[in-house]
Each structure stands twice: as structure tokens, then as C-alpha cells.
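Asker: After the sequence you'll find the predicted model.
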Amino acid sequence: MKKIFLLGVILLLLSCRAKKVLPPAPVLPIPTVAQLQWHRMEMNAFVHFTTNTFTDKEWGYGDESPTVFNPSAFDPVQWLTVLKEAGFKGLILTCKHHDGFCLWPSKYTEHSVKNSRWKNGKGDVVHDVAEACKLAGLKFGIYLSPWDRNHKDYGTSDYVDYYRNQLKELFAQYPDVFEMWFDGANGGDGFYGGKREIRKIDRKNYYDWPTTLNLVRSMDSNVIFFSDAGPGVRWVGNERGEVGETNWNMISPDTLYAGKGGIEKLLNKGSENGTHWIPAECDVSIRPGWFYHAQEDSLVKTPEQLFEIYLKSVGRGSLLLLNVPPDRLGLFNEHDVQSLKGFRQLLDQEFKTNLALHTDVTSNAFRGNDEMYSPKMITDGDSETYWSTNDETTSANFEIELKNPSLVKYIVLQEYIPLGQRVKLFLVNAWINGQWKTVAKATTIGYKRILKIEPVETYKIRIVILTSKACPVISNVEIY
Ligand code: FUL
């Protein structure tokens with residue numbers, strides 16, 4: 001009798017479990033684990049440093065003497081302190097720019113720090129920066145220019161071997177590289193071992209990227225590859241730090257390849273039905289140039305300009321890769337440091353108190369009426385929980401009631417992107433004088449969307465999702 005009763009209880013429990021509402025099926029493509037980690041970084045720094053810093057150039061010809069490289073007070077710990085305080089999570093260093101000068105003592109070339117005056121040729125910038133990153137808890141990334149205006153073999157297959165040997169060297173000596181930047185620029189003319197000529201390459205085939213990427217993957221399977229067309233992350237199509245207001249993380253790589261003309265618009269917006277998850281990365285410099293030039297000290301972007309860039313990159317679901325070039329001392333210049341401090345202050349001031357956190361949220365629908373997908377998940381402060389609807393419901397709304405009437409300036413929204421990017425069009429309503437008013441209309445959300453609105457005094461905000469590729473899946477909304 002007892003046994004039968006127990007069996008009954010087990011069967012009952014099992015049938016309850018079976019009734020549990022399943023999560024929405026992913027809308028493909030979805031990000032890899034490494035891409036998800038990349039999205040969460042939000043702000044990384046780019047560091048352009050080479051002989052150009054000392055010759056006042058942007059693109060070194062490749063004939064610069066290595067002896068010019070001599071940062072007299074080189075201190076990457078200073079860079080990292082500034083970056084960490086400003087909220088950056090990673091740093092990508094130009095280990096070699098187009099001039100071919102290597103910031104580490106590569107055994108494959110004489111054109112490197114080993115022939116500089118700096119530390120009598122005994123120094124290694126890449127090592128010191130990678131160590132400083134580790135110390136500060138920031139991730140380290142590598143930029144290794146495929147175009148090399150110094151190398152005598154550039155344009156032949158020997159050079160491609162050289163390039164791959166350098167990658168092997170770098171990945172063996174400086175492990176835990178989170179991102180690898182393959183620049184698309186290939187200007188043509190250069191020193192090329194003294195030939196001083198124009199060398200054209202077949203951009204599509206010359207580098208044989210699949211083989212190179214496989215080589216890097218065999219050394220570090222988690223690395224994210226940046227190039228104009230990915231495969232990890234894509235170029236945003238401009239150097240202003242601005243992704244499209246509509247920004248799909250998806251794109252079809254067969255419509256793109258590095259160096260192909262006229263693809264900037266596509267890169268900037270992505271494609272709603274793209275076949276691969278290749279999010280856009282917004283690279284932009286804090287100064288007009290990528291390298292340090294004393295005459296640009298007065299042209300360093302202001303904290304307000306950086307904040308605008310933040311809204312147009314991170315605020316549109318992309319990642320901000322902000323270049324901060326060290327000066328001839330080998331330090332972040334005081335102008336840049338002050339600007340970054342001001343930028344941090346602005347971020348802290350504008351996003352000080354999330355008025356939505358732990359507030360009541362109601363919705364006109366939620367998935368299977370299962371609490372697991374209830375609108376409360378939107379303001380619970382947990383990025384792993386989400387509100388969703390039944391599969392067939394692709395338009396729905398939810399309402400957030402603030403604890404007190406407040407002046408609202410920003411609405412931050414996040415989709416749960418492990419299940420794919422979905423929302424195509426939505427409205428933000430605010431309850432003003434007893435009725436709903438539309439204070440913003442926008443298209444995509446993705447990893448994060450920040451909407452800056454005309455400040456309004458309200459205690460209720462409603463998000464109306466008008467169209468979505470599939471049932472919406474929203475993990476977080478913040479209100480400031
Ligand atoms: C470009 C390069 O030519 C610039 O010098 C800089 O490195 C920028 C990030 O990418 O393609």
C-alpha cells in the first residue's frame with residue numbers, strides 16, 4: 001500500500017515537471033560563449049604605439065630607424081590604472097603597425113624594439129603591457145598589421161609565412177589573448193627592404209585567412225577575431241565610434257570580405273536575417289589621429305564627446321574600442337587622462353541610480369503564465385532571468401511602476417541574447433498627466449540599448465514591443 005502511494009506521488013511530481021513551460025527556442029544564429037563574454041566587456045581600449053609616436057606620422061613608411069623608438073618614462077601600469085578607473089575591461093595593443101616595427105623582440109626581424117635605444121634594446125613592450133593588464137585585471141588583445149611596409153617579402157608567400165611565425169611567437173610568449181585585430185588597410189607603397197615601390201596584393205586570397213585563423217585557434221581556441229568581416233566581430237564601417245541606430249548582430253559573411261568596397265553601410269547595421277552572429281565593434285580614437293602628436297593635445301575629445309560616442313556605440317548594442325595613444329614619454333598624456341576621468345564622472349552621474357531596480361512590473365502576457373518568465377524578471381537585477389511570451393506572441397508590452405515620481409532621462413533595455421536577437425520595433429511610453437505619451441520609438445535592442453529621452457517627470461514607464469522576429473525575450477530594463 002505504502003509503495004503504491006509513493007509511486008503515485010512520484011508520478012504526480014513527474015507530470016507536474018512535464019507541464020513546466022519550456023524556454024523559447026533560440027532564434028539562430030546565436031553568440032558563442034566567447035562572443036557573449038566580449039559583449040559584456042562593453043568598453044575596451046585600443047593603444048597605438050610605434051615609431052610613428054616619435055616621427056609624428058600616422059602611417060610609417062617602413063624605413064624608420066628602430067633607434068627612434070625611445071619612450072623615456074614608459075609605464076604601462078599608468079595606462080592600466082587610468083583605464084581601469086574609467087571602466088575599461090580590455091586593451092588591444094598595436095604589436096606591429098603598418099610600418100612593420102615590432103614592439104616585442106621578434107626573432108624573425110631586425111625591425112623591432114631590440115634595435116632601439118629604449119632599455120638598450122633589452123625591452124619588450126608587449127610583455128610589459130600584457131603583464132600590466134594581468135595585474136589590473138583587464139584582458140589583453142593583439143593587433144598585428146597584415147600590411148607590412150618594412151618587410152622585403154611583402155606580397156609573396158614568404159611574407160605570409162613570416163606573418164604566421166610572428167603569430168606563433170606572440171601566442172607562445174603572451175598567452176590569454178582575448179581578441180586579435182586584423183586590420184583591413186593595405187595601402188600599396190612602402191620601403192619593402194629598400195625597394196621603395198608599390199606592391200598590390202589580391203586582398204581576398206593573398207593572406208589565406210582560413211589557414212591563419214586555424215593556426216591561431218590551435219594555439220588559443222577562445223580568441224575573438226576582428227576583421228572587416230569577422231568571423232568573431234566585424235568592423236562598424238566608420239572610425240567615428242558610431243553603429244547604426246538599427247544594429248543587428250547578424251550578417252552574412254559571403255556578402256563581405258575585407259577590403260571590398262561599399263560595404264560600410266551593411267557593416268554599420270548588420271542584417272536582420274544574417275546567417276552568422278558577427279557583432280559590430282566601434283573603433284574610434286580619443287584624438288584626431290591614432291598615434292600621439294603633440295599638436296593634437298588641444299583636440300582630445302571632451303568627456304561630453306566621449307559620452308555621446310558611448311551612447312552611439314554601447315548604447316546601440318555594440319562595443320566601444322576607444323584608442324588612447326601613449327606619448328613620447330610612454331605615458332598616457334595628461335590631456336587624455338583628464339578627459340577619461342571626466343568621461344567616467346559623466347557615466348557615474350548620468351547612470352547613478354537605477355529607478356527600475358526591484359520595482360513592480362506587469363505585462364499583458366507572459367510565457368505560459370509561468371512565473372519563470374514573468375515580467376518581474378526584467379527588474380530583478382539578474383541578467384540570467386528574463387520575461388518572455390508564448391511563441392506566437394511577437395508583440396506585447398510591460399509596465400514598470402517606479403517607487404516615486406521621478407525625472408526620467410534614460411531607458412536601458414537588454415535582450416537575452418543567448419537566445420538570439422529578436423526585437424525589430426518598440427515604443428517607450430511614459431505616464432504623464434493621466435495618460436500614456438510616447439517618449440521614444442526605436443528598432444533594435446540586442447545586447448544593450450540606451451535611449452536618451454527628453455527628461456520627463458513620471459512614475460510609470462511602458463515598453464511596447466511592436467514587432468519581433470519571434471517572441472521577445474527581455475532580461476533587463478533600467479531607468480535613470
Ligand atoms: C586603420 C589603420 O590604417 C589605422 O592606422 C588604424 O590602425 C586603424 C585602427 O585602422 O585601418
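Answerer: Structure's in. What do you need? Numbering: from 1, shown residues only.
Asker: For the stretch 101-250 of the chain, which residue gets nearest to the ligand?
Answerer: Ala185 (3.6 Å; C-beta to the nearest ligand atom). Where you see a C-beta, it was placed from the backbone N, CA and C, and this is true even at glycine.
Asker: any low-confidence regions in the protein?
Answerer: 1-19, 255-261 (pLDDT under 70).
Asker: Contacts only, for Thr246.
Answerer: By C-beta atoms under 8 Å, 6 or more residues apart in numbering, the contact set of Thr246 is Lys269, Thr443, Thr444.
Asker: Filter those residues down to the ones in helices?
Answerer: If you go by DSSP state H, those have Lys269 in helices.
Asker: neighbour-wise, which of the contacts of Thr246 leads?
Answerer: Within those, most neighbours by other C-beta atoms under 10 Å means Thr444, with 24 neighbours.
Asker: mind listing what that one touches?
Answerer: Here Thr444 is in contact with Glu245, Thr246, Asn247, Trp248, Arg316, Gly317, Gln421, Val423, Lys424 (C-beta under 8 Å, 6+ apart).
Asker: Give me the ChimeraX select line for these, limited to the buried ones.
Answerer: Remark: buried members of these, expressed as a ChimeraX selection using 16 or more other C-beta atoms under 10 Å:
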select :246,247,248,316,317,421,423,424
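Asker: among the contacts of Thr444, which are in helices?
Answerer: Reading helices off the contacts of Thr444, I find no matches (DSSP H).
Asker: Export the contacts of Thr444 as CSV, with columns for distance to the ligand.
Answerer: Shown next, in CSV, are these (distance: C-beta to the nearest ligand atom, whole Å):
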residue, distance to the ligand
Glu245, 23
Thr246, 24
Asn247, 20
Trp248, 23
Arg316, 20
Gly317, 21
Gln421, 26
Val423, 31
Lys424, 32
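Asker: Select from the contacts of Thr444 every entry located in strands.
Answerer: Taking DSSP state E, the ones among the contacts of Thr444 that sit in strands are Val423, Lys424.
Asker: Which member of the contacts of Thr444 is positioned nearest His151?
Answerer: Asn247 (37.2 Å; C-beta to C-beta).
Asker: follow-up on the earlier one: could you list every residue that touches the closest residue to the residue of the stretch 101-250 of the chain closest to the ligand other than its chain neighbours?
Answerer: Using C-beta to C-beta, 6 or more residues apart in numbering and skipping residues adjacent in sequence, the residue nearest Ala185 is Trp147, 5.9 Å away. Shown in contact with Trp147 (C-beta under 8 Å, 6+ apart): His98, Tyr154, Asp183, Ala185, Asn186, Gly187.
Asker: again, but for Gly188
Answerer: Per C-beta under 8 Å, 6+ apart, neighbours of Gly188: Ile198, Arg199, Lys200.
Asker: Spatially, which residue comes closest to the last one, not counting chain neighbours?
Answerer: What that stands for is Lys200. Nearest non-adjacent residue to Lys200 (C-beta to C-beta, 6+ apart): Gly188, at 6.0 Å.
Asker: Just to be sure, Leu322 is in a helix?
Answerer: No. Leu322: not assigned to a helix; according to DSSP: H, G, I helix; E, B strand; the rest coil it is strand.
Asker: and the chain, which residues reach the ligand?
Answerer: By the rule C-beta under 6 Å from any ligand atom, the part of the chain lying against the ligand is Glu58, Asp183, Gly184, Ala185, Asp283, Trp290.
Asker: any chance of the residues you listed in JSON lines, plus secondary structure and neighbour count?
Answerer: Converted to JSON lines, the residues of the chain next to the ligand look like this (DSSP: H, G, I helix; E, B strand; the rest coil; neighbours: other C-beta atoms under 10 Å):
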{"residue": "Glu58", "secondary structure": "coil", "neighbour count": "13"}
{"residue": "Asp183", "secondary structure": "coil", "neighbour count": "19"}
{"residue": "Gly184", "secondary structure": "coil", "neighbour count": "16"}
{"residue": "Ala185", "secondary structure": "coil", "neighbour count": "13"}
{"residue": "Asp283", "secondary structure": "strand", "neighbour count": "24"}
{"residue": "Trp290", "secondary structure": "coil", "neighbour count": "23"}
